[in-house]
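> Turn this into a structure:
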Amino acid sequence: MWFIKVVKQYEKLVVLRFGRYVGLRGPGLRLLIPFLDVGRKIDMRESFVSIPHQTNITKDNAPISIDFLIYSRVLEDEAQKSVLDVQDFRGAITGMATTTLRAVIGDILLDDVLAKREEINIRLRTKLDEVTLRWGVKVTAVEIREIIPPKEIQDSMNRQMAAERVRRAVILEAEGIKQSKITVAEGEKQSAILKAEGGRQAAILEAEGERQAAVLRAEGFSMALDKIFAVAKNVDGNTLSLQYFDTLKALGNSPSTKWVFPMEFTRMLQPFFNTLNQQQKDSGQG
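This is a model prediction of the structure:
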């Protein structure tokens, strides 16, 4: 008579005959000889073991409490080892994890324990994997869930975080004041530039206006001289002489007793003298 066992898709069946390992059986209906064969099912799915809080001492002698999870699975080709080489591989992993954690934490400073979780996870997984591989079990991951430092260290950390927040607030405030001053100075600079540019443009326009006014005055004076010269060309010598005598008459009526005449003045009277001489010659001949 055969004894039938149903092996599920995610299981393997380790068969022992007369206490000797005779092979692994896959999923499906498996026949075992009663009283001769013993079958032991193995779950091939990835499983996890929860390690409760463990108090460990860091390298700088600070007590710290840590709990974590261990993920593992039985290797496909070496599933029989998890039955033949270890009585309870999950219990063995739990015990091995606690001692390995103490060894790993004992080599790390408290600050590093708090800051380097991923590094600790990798070191724990590597050390556990070295042991569990001989049981046909692969540790796939180790994840620290919580790290609880002593109360006095927590208080110190809280004060440190508060001081850090104050420092950041002061830095942000100072940065804001600096940016505000830079903005104000930039605005004043632009204002001064615009004022200077406006003054320069005003000076240019004023100078341009004065230049144009001077040009217009010079052109007016030039036109006046041209008019005077045009009129003077039409004045004969007798008219000029009469003008000279009118001038002398005006000088004679003044209270001055001395007059200074330039040499050119005699040349101005020369036409008059020539006229007098001609009249005298004409009267002598008559």
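> from here on, contacts and neighbour counts on C-alpha atoms
Noted.
> so where's the chain shaky on pLDDT?
Confidence mapping of the chain against pLDDT under 70 gives the ranges 1-2, 228-229, 231-280, 282-286.
> Hmm, residue 36 is touching residue 15, no?
No - shown here, residue 36 and residue 15 do not form a contact pair, counting by C-alpha atoms under 8 Å, at 10.1 Å.
> got the CA positions of stretch 173-181 in PDB?
C-alpha atoms of stretch 173-181 as PDB (Å, rounded to 0.1, in the frame of the first residue of the first chain):
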ATOM      1  CA  GLU A 173      17.700  85.400   8.100                       C
ATOM      2  CA  ALA A 174      21.200  86.700   7.500                       C
ATOM      3  CA  GLU A 175      21.000  85.500   3.900                       C
ATOM      4  CA  GLY A 176      17.700  87.300   3.500                       C
ATOM      5  CA  ILE A 177      19.100  90.500   5.000                       C
ATOM      6  CA  LYS A 178      22.100  90.300   2.700                       C
ATOM      7  CA  GLN A 179      19.900  89.700  -0.400                       C
ATOM      8  CA  SER A 180      17.700  92.600   0.700                       C
ATOM      9  CA  LYS A 181      20.700  95.000   1.000                       C
END
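> And the strands in the stretch 1-150 of the chain?
3-7, 11-17, 20-25, 28-32, 37-43, 47-57, 63-74, 137-148 (DSSP state E, counting those that start in this stretch).
> will you turn the ones you listed into JSON lines that also has mean neighbour count?
As requested, the strands of the stretch 1-150 of the chain are exported to JSON lines (neighbours: other C-alpha atoms under 10 Å):
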{"stretch": "strand 3-7", "mean neighbour count": "14"}
{"stretch": "strand 11-17", "mean neighbour count": "20"}
{"stretch": "strand 20-25", "mean neighbour count": "14"}
{"stretch": "strand 28-32", "mean neighbour count": "15"}
{"stretch": "strand 37-43", "mean neighbour count": "17"}
{"stretch": "strand 47-57", "mean neighbour count": "16"}
{"stretch": "strand 63-74", "mean neighbour count": "19"}
{"stretch": "strand 137-148", "mean neighbour count": "18"}
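> Select, out of those strands, the one closest to residue 105.
Closest approach to residue 105 among the strands of the stretch 1-150 of the chain (C-alpha to C-alpha): strand 47-57, 6.7 Å.
> what's the angle from the host helix or strand of residue 230 to strand 137-148?
Here residue 230, judged by DSSP states H and E, is contained in helix 151-233. Computed by axes from the mean of the first three to the mean of the last three C-alpha atoms, to 10 degrees, the angle separating helix 151-233 from strand 137-148 equals 80 degrees.
> Show me what helix 151-233 packs onto, helices and strands only.
Of the remaining helices and strands, none touches helix 151-233 by 3 or more C-alpha pairs under 8 Å, 6 or more residues apart in numbering; DSSP states H and E.
> picking that back up, how about the strands of the stretch 1-150 of the chain in JSON lines, adding distance to residue 91?
Shown next, in JSON lines, are the strands of the stretch 1-150 of the chain (distance: least, C-alpha to C-alpha, whole Å):
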{"stretch": "strand 3-7", "distance to residue 91": "24"}
{"stretch": "strand 11-17", "distance to residue 91": "20"}
{"stretch": "strand 20-25", "distance to residue 91": "23"}
{"stretch": "strand 28-32", "distance to residue 91": "29"}
{"stretch": "strand 37-43", "distance to residue 91": "15"}
{"stretch": "strand 47-57", "distance to residue 91": "9"}
{"stretch": "strand 63-74", "distance to residue 91": "12"}
{"stretch": "strand 137-148", "distance to residue 91": "13"}
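> so which of those comes closest to residue 90?
strand 47-57 (7.2 Å).
> Let's see the closest one as PDB, backbone CA atoms only.
Taking C-alpha atoms only, strand 47-57 is exported to PDB below (Å, rounded to 0.1, in the frame of the first residue of the first chain):
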ATOM      1  CA  SER A  47      10.400  34.200   4.400                       C
ATOM      2  CA  PHE A  48      11.400  36.600   7.100                       C
ATOM      3  CA  VAL A  49      12.300  36.400  10.700                       C
ATOM      4  CA  SER A  50      11.700  39.300  13.100                       C
ATOM      5  CA  ILE A  51      14.500  39.900  15.600                       C
ATOM      6  CA  PRO A  52      13.100  41.800  18.600                       C
ATOM      7  CA  HIS A  53      14.900  44.700  20.300                       C
ATOM      8  CA  GLN A  54      18.400  43.800  21.300                       C
ATOM      9  CA  THR A  55      20.600  45.900  23.600                       C
ATOM     10  CA  ASN A  56      24.100  46.300  22.100                       C
ATOM     11  CA  ILE A  57      27.200  48.200  23.200                       C
END
